[in-house]
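Trainee: coords below, sequence missing:
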């Protein structure tokens, strides 16, 4: 990680909190940190708080908007990936659908840095997102993960982490 310090001129603390943020990344063409409610313990347990997000915004890695961001123009279906595992999302309408992206988007600098970070799978967060989408009336299908499997490294260095 020393090359990140030179490349992005970040302190060790900044790198540490950015790595923590990256466990919340889903991918749909680009990396999307899904922070829906910064007050939720799924984020605060990992050190992601409003003050941390405001700090990351002040150093140019993210844009924060308390009202949230949405991505528009989806057809009947789309696919998002969490740690290289696809989740298919079906919308109620055939066209002009949108997806809530939460309160955080990466800046160009943040996107570039995120590409260098190994994403650690957070099962509690994954289930939080799936539950949230389900409650919004989205139709979901996904590959199930064997929770009894030993942690491993796959693709983006996604390792299963047992919450606790």
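Mentor: Noted; the coordinates are in hand. Predicted model only: the values in this text are computed from it and were never measured. Numbering: from 1, shown residues only.
Trainee: wait, residue 31 sits on residue 108?
Mentor: No - applying CB atoms under 8 Å as the test, residue 31 and residue 108 come out as separate, 11.7 Å apart. Where C-beta positions appear, they are placed from N, C-alpha and C, glycine not excepted.
Trainee: so for the protein, the centremost residue is which one?
Mentor: By CA atoms, centre = their mean, the chain has its centre lying nearest to residue 25, at 2.2 Å.
Trainee: beta-bridge partners for the closest residue to that one other than its chain neighbours, please?
Mentor: The shortest distance from residue 25 to any non-neighbouring residue, by CB to CB, 6 or more residues apart in numbering, is to residue 31 (4.9 Å). Counting by DSSP bridges, residue 31 is bridged to residue 27.
Trainee: then residue 79?
Mentor: The partner list for residue 79 in beta bridges (DSSP bridges) reads residue 88.
Trainee: what about it, neighbour count?
Mentor: By other CB atoms under 10 Å, the residues close to residue 79 number 12.
Trainee: distance-wise, check it relative to residue 40.
Mentor: To residue 40, residue 79 is 25 Å away according to CB to CB, to the nearest Å.
Trainee: same deal with residue 80?
Mentor: Distance from residue 80 to residue 40, by CB to CB: 19 Å.
Trainee: between those two, tell me which one has more neighbours.
Mentor: More neighbours surround residue 80 than the other of residue 80 and residue 40, with 20 against 14 (other CB under 10 Å).
Trainee: how close does residue 128 get to residue 137?
Mentor: For residue 128, the distance to residue 137 - CB to CB - is 17 Å.
Trainee: neighbour count for these two, which is higher?
Mentor: A count of neighbours by other CB under 10 Å puts residue 128 above the other of residue 128 and residue 137, at 19 against 9.
Trainee: residues touching the more buried one, list them.
Mentor: For residue 128, the contact set (CB atoms under 8 Å, 6 or more residues apart in numbering) comprises 40, 42.
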